[in-house]
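> below are the sequence and a predicted model for it; my questions follow.
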Amino acid sequence: MVTYVDAGTAPMRKNGQIKLYGPEAFDGMRAAGRLVAECLDMLVGEVDVGVPTDRIDQLVFEFAMDHRAYPATLMYRGYERSTCTSINHVVCHGIPNDKPLRDGDIVNVDVTFVLDGWHGDSSRMYAVGEIPRRAERLIDVTYESLMLGVAAVKPGNTVGDIGHAIQSFVEPQHMSVVRDFCGHGLGRMFHDEPNIVHLGRPGEGSVLKPGMFFTIEPMINLGRPHVKVLSDGWTAVTRDRSLSAQFEHTVAVTETGVEIFTLSPKGLDKPPYKSVG
Ligand code: MF3
Ligand code: CO
Ligand code: CO
């Protein structure tokens, strides 16, 4: 049985309790979430044919430094970059490198900033040049699944309701939901209780209460759901090498429903496409 605790008096560490945050925390999370969204907006137009993911990582690092924020992934559990850049069949945790992006690639850029001690965590897909029609469909379904998950967030609903909203939308379209990675509580910590699994049954799992902060970040595959982690210890890829996409928002449970902290101020939450085929 999960217990809940006032975040103001809770220990900083992960101890199985779900933290409930007050109004000052909401202000801190709004600022952190907005900065991440502005950074992801900045990358539209930078992610392009011939650009290496190293360059994207550098732009994100500089953006953080210019806005008195710190990339939470930098030196996190041995990770040494400001972003994760996950291309095509990479599911998540792709490490930026010096290989130029190619026409037709789809790439997820995942940014987490710490601003005044608060974490904002969001990722979006970017289309490199002209992408295949099936990639566009995958991106659309993945984005829609995130927003359906978000729409299931309100007091009294459960974590299972979020997962069910995502799974029941994705699977009838012959795409699959990745099981091995999930969303997570966050606030002053990067990864906290609860886990937000992107599948589930209505009414199951922890009950959502006002003041909870967490991410929803479904990874959706065109093929089977199975993943493996490469020998670098980070890069997760689809076992069948099918295309994978992901979007992530940081949200709060409010008294009446949900607040999204990482919405794009410019309405660039999902990419415009030049598609072929
Ligand atoms: N930002 C990722 C998430 O959504 C976590 C990346 S951890 C890293 O939770 F170490 F791989 F960067
Ligand atoms: Co996350
Ligand atoms: Co993230």
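Looks like it arrived, so ask away. Quick caveat, the model's predicted, so the values are computed rather than measured. Residues are numbered from 1 along each chain as shown. Ligands and ions are numbered 1, 2, ... in the order given.
> close to ligand 2: what parts of this protein are there?
By the rule Cβ under 5 Å from the ion, the part of the chain lying against ligand 2 is 121, 215. For glycine as for every other residue, the C-beta is placed from the backbone atoms N, C-alpha and C.
> try it again at 8 Å.
Where the chain comes near ligand 2, counting by Cβ under 8 Å from the ion, the residues are 110, 112, 121, 123, 183-184, 186, 190-191, 215, 217, 248, 250.
> what's the helix of greatest length in the chain packed up against?
Of all the segments assigned as helix in the chain under DSSP state H, the longest by residue count is helix 23-43. Helices and strands touching helix 23-43, by 3 or more Cβ pairs under 8 Å, 6 or more residues apart in numbering; DSSP states H and E, are helix 53-66, strand 106-115, strand 118-127, strand 249-253.
> with distance to Lys14 and mean pLDDT as extra columns, can I get the ones you listed in a markdown table?
What follows is those, written out as a markdown table (distance: least, Cβ to Cβ, whole Å; pLDDT from 0 to 100):
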| stretch | distance to Lys14 | mean pLDDT |
| --- | --- | --- |
| helix 53-66 | 24 | 98 |
| strand 106-115 | 16 | 98 |
| strand 118-127 | 13 | 98 |
| strand 249-253 | 17 | 99 |
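> dump those to JSON lines, plus mean neighbour count and distance to Val44.
Output for those, formatted as JSON lines (neighbours: other Cβ atoms under 10 Å; distance: least, Cβ to Cβ, whole Å):
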{"stretch": "helix 53-66", "mean neighbour count": "19", "distance to Val44": "11"}
{"stretch": "strand 106-115", "mean neighbour count": "25", "distance to Val44": "10"}
{"stretch": "strand 118-127", "mean neighbour count": "26", "distance to Val44": "7"}
{"stretch": "strand 249-253", "mean neighbour count": "25", "distance to Val44": "17"}
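> make a markdown table out of the ones you listed and add distance to Thr3.
Output for these, formatted as a markdown table (distance: least, Cβ to Cβ, whole Å):
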| stretch | distance to Thr3 |
| --- | --- |
| helix 53-66 | 35 |
| strand 106-115 | 26 |
| strand 118-127 | 22 |
| strand 249-253 | 16 |
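> where do the strands sit along the stretch 101-250 of the chain?
Using DSSP state E, counting those that start in this stretch, the strands of the stretch 101-250 of the chain run over 106-115, 118-127, 130-132, 176-177, 183-185, 192-196, 213-216, 219-221, 227-229, 236-238, 244-246, 249-253.
> who wins for proximity to Asn15 among these?
Distances from Asn15 to each of the strands of the stretch 101-250 of the chain were compared using Cβ to Cβ; the shortest belongs to strand 192-196, at 8.0 Å.
> mind listing what's buried in the closest one?
192-194, 196 (16 or more other Cβ atoms under 10 Å).
> could these go into TSV alongside distance to Ser145 and pLDDT?
What follows is those, written out as TSV (distance: Cβ to Cβ, whole Å; pLDDT from 0 to 100):
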residue	distance to Ser145	pLDDT
Asp192	23	97
Glu193	23	97
Pro194	19	98
Ile196	13	98
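> quick check, nearest of those residues to ligand 3?
Nearest to ligand 3 out of those is Ile196 (Cβ to the ion; 12.0 Å).
> pull the contacting residues for that closest one.
Under the criterion of Cβ atoms under 8 Å, 6 or more residues apart in numbering, the contact list for Ile196 reads 159, 162-163, 182-184, 214-217.
> residues contacting the residue nearest to the spatial centre of the chain?
Ranked by distance to the mean C-alpha position of the chain (Cα atoms, centre = their mean), the top residue is Glu248 at 2.5 Å. Listed by Cβ under 8 Å, 6+ apart, the contact partners of Glu248 are 110, 121-124, 146, 183, 215-217, 262.
> so it versus Ser206, what's the distance?
Going from Glu248 to Ser206 by Cβ to Cβ, to the nearest Å gives 20 Å.
> likewise Pro271?
As it turns out, when the distance is counted by Cβ to Cβ, Pro271 lies 33 Å from Ser206.
> for this protein, what lies in contact range of ligand 1?
Taking Cβ under 6 Å from any ligand atom as the criterion, the neighbours of ligand 1 within the chain are 73, 76-77, 79, 84, 93, 110, 112, 121, 215, 217, 234, 248.
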